[in-house]
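Enquirer: fold the following and give me the result.
(one chain, ligands or ions: 1)
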Amino acid sequence: MKKLRVGVIGLGMGRGHIKGYQMHPQAEVVAIADLSTDALKKVGDEFSIPGRYTDPQKMLDKEGLDVVSVVTPNKFHKPLTLAAFKAGCHVLCEKPMAMNAKEAREMLAASRRMRKRLMINFSYRFTEQAWALKKEVDQGILGDVYFGRTVWHRRRGVPKMGGWFGQKALAGGGPLIDLGVHRLDLALWLMGYPKPEWVMGGVYDPIASSIAKASGLKYDVEDLASAFIRFKNGATLVVEASWASNTKENETMETTLCGTRAGLTHRNIGGKYEYEAEIYMERNGAQYDMKLHPPVPAAKPSMYNLIDAIVNKTPHIATGEEGVLVMELLDAIYLSAASGKPVKIK
Ligand SMILES: NC(=O)c1ccc[n+]([C@@H]2O[C@H](COP(=O)([O-])OP(=O)(O)OC[C@H]3O[C@@H](n4cnc5c(N)ncnc54)[C@H](O)[C@@H]3O)[C@@H](O)[C@H]2O)c1
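Expert: Numbers count the residues shown, from 1 in each chain. Prediction:
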């Protein structure tokens, strides 16, 4: 059984990618790349990975890889993805796909030109609860979805304050592009990725930038964003994301959809990274709640799904096309926030 040779670039969240690939019997992580020699040693030793590179291009030139994960700060997603395609690799790129939609479109065009797969790590799809909800939705349980609200709020939770996440030049934006991107994708995926028409957005930074300034740290992105999206089919979706907000819970993730026959919710429990899923409906004049209980259908991580799709020659999910659409919506939210006007999606 020939194993696919995998390389991972960026060893923060990249550790999770290594674990995800190691679950698949037909994948072997043979090389890693990171600017930090400490990270290379630590992660390389932990997972017994032989190839270790401070220059990702050298890894791509030398290792004869089949699949590459790009798990660096957002600014490097596009150049490293293009370099990986050039080296003949399929790519699993972290979210957000890129700094903006223009970059995302370039990546998608390259993947089509080179006939290589481009998957985006919309990892919240790959939770058991989201997986189970999607099965129900695909069987038509909701009817037509006409309204949704999808949010991720933190009371105080700027990732690595002073680091790249809070710098526009490295991240492209703040909590909207970091957290909102996940909840936006989850809602769109469950809604069947309807075509958007209009976007109205707002961004604010009253809390995090003052905290950063008081400590002499760099911070030039929003700390809260909100948006209202109208789709061509008439449905509407509210999106909210924050790293800092004067709200009760430490961390709230929640996606609610209302359909003509039923509604659903996917949310985290107790401010933690554990989830619950419910479906609500009316039958014979009574209101019913359908709660998903373990054991639930197992969801494998995105890395496993990509390898499986390559091996079985089947389409993968979380595609580059969906990544581009999400980036177009994020761009439109930022543009609307800056202009104070609604933005039409072409
Ligand atoms: N899907 C998820 O749930 C999830 C969770 C966390 C982070 N992420 C995404 O993963 C990416 C990385 O985030 P993180 O939290 O791991 O950041 P991080 O800062 O913890 O780690 C980034 C790593 O990349 C390395 N690096 C930086 N520039 C590089 C380059 N040009 N070439 C090679 N290595 C480079 C750094 O040395 C560092 O070790 C981001 O795009 C982030 O949005 C996704």
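Enquirer: CA only for contacts and neighbour counts going forward, please
Expert: OK.
Enquirer: residue contacts, the spatially most central residue of the chain?
Expert: Taking C-alpha atoms, centre = their mean, the centroid of the chain lies closest to Phe122, which sits 3.3 Å from it. Contacts for Phe122 (C-alpha atoms under 8 Å, 6 or more residues apart in numbering) come out as 94-95, 182, 185-186, 302, 318.
Enquirer: for the ligand, what are the nearby residues on the chain?
Expert: 9-14, 33-36, 56, 71-74, 76, 94-96, 121-123, 178 (C-alpha under 6 Å from any ligand atom).
Enquirer: repeat that with 8 Å
Expert: For the chain, the residues in contact with the ligand (C-alpha under 8 Å from any ligand atom) are 9-14, 33-36, 39, 54-56, 70-74, 76-77, 80, 94-97, 121-124, 163-165, 171, 178, 182.
Enquirer: out of these, which are inside strands?
Expert: Within the residues of the chain next to the ligand, residues falling in strands by DSSP state E are 9, 33, 70, 94, 121.
Enquirer: Cys93 is in contact with the last one, correct?
Expert: Yes - between Asn121 and Cys93 there is a contact under C-alpha atoms under 8 Å: 6.1 Å.
Enquirer: if we can go back for a sec, most neighbours of all the ones in strands among the residues of the chain next to the ligand, which one?
Expert: Of all these, Val70 has the most neighbours under the rule other C-alpha atoms under 10 Å, reaching 31 neighbours.
Enquirer: quick one: residues contacting that residue.
Expert: By C-alpha under 8 Å, 6+ apart, the residues touching Val70 are 8-10, 77, 80-81, 91-94.
Enquirer: now with 6 Å?
Expert: Residues near Val70 by C-alpha atoms under 6 Å, 6 or more residues apart in numbering: 9, 93.
Enquirer: quick one: it from Tyr334, how far?
Expert: Going from Val70 to Tyr334 by C-alpha to C-alpha, to the nearest Å gives 25 Å.
Enquirer: and the buried ones among the residues of the chain next to the ligand, selectable in ChimeraX?
Expert: The following ChimeraX line selects those of the residues of the chain next to the ligand that are buried, judged by 16 or more other C-alpha atoms under 10 Å:
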select :9,10,11,14,33,34,39,54,56,70,71,72,73,74,77,80,94,95,96,97,121,122,123,124,164,165,171,178,182
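Enquirer: just the ones in helices from the residues of the chain next to the ligand, please.
Expert: 14, 39, 56, 77, 80, 171, 182 (DSSP state H).
Enquirer: in the sheet, who's paired with Thr236?
Expert: Legend: beta-bridge partners of Thr236 under DSSP bridges are Phe147, Arg230.
Enquirer: related to what we said a few turns ago, just the ones in helices among the residues of the chain next to the ligand now: which is nearest Arg105?
Expert: Set against Arg105, the nearest of those by C-alpha to C-alpha is His77 (12.5 Å).
Enquirer: got a list of what the closest one touches?
Expert: His77 makes contacts with Ala98, as judged by C-alpha under 6 Å, 6+ apart.
Enquirer: and Val151, by the same measure?
Expert: 239-241, 253-254.
Enquirer: tell me the SS of Ala277?
Expert: strand (DSSP: H, G, I helix; E, B strand; the rest coil).
Enquirer: who does it form a beta bridge with?
Expert: Listed by DSSP bridges, the beta-bridge partners for Ala277 are His266.
Enquirer: so it sits against Asn268, correct?
Expert: No - using C-alpha atoms under 6 Å, Ala277 makes no contact with Asn268, being 8.9 Å away.
Enquirer: neighbour-wise, which of the two wins?
Expert: A direct count of neighbours by other C-alpha under 10 Å for Ala277 and Asn268 places Ala277 higher, at 22 against 18.
Enquirer: show me what the helix or strand hosting Arg5 is packed up against.
Expert: Taking DSSP states H and E as the criterion, Arg5 maps to strand 4-9. Here strand 4-9 touches strand 27-33, strand 67-70, going by 3 or more C-alpha pairs under 6 Å, 6 or more residues apart in numbering; DSSP states H and E.
Enquirer: and it, which strands flank it?
Expert: Here strand 4-9 has these sheet partners by DSSP bridges: strand 27-33 (parallel), strand 67-70 (parallel).
Enquirer: now it: how far from the chain's centre is it?
Expert: In terms of C-alpha atoms, centre = their mean, to the nearest Å, the gap separating the centre of strand 4-9 from the centre of its chain is 20 Å.
Enquirer: the longest helix along the chain: how far from the chain's middle?
Expert: The single longest helix within the chain, with elements called by DSSP H, is helix 320-339. Mean-position distance between helix 320-339 and its chain equals 14 Å (C-alpha atoms, centre = their mean).
Enquirer: please name the bridge partners of Asn121.
Expert: Going by DSSP bridges, Asn121 is paired in beta bridges with Glu94.
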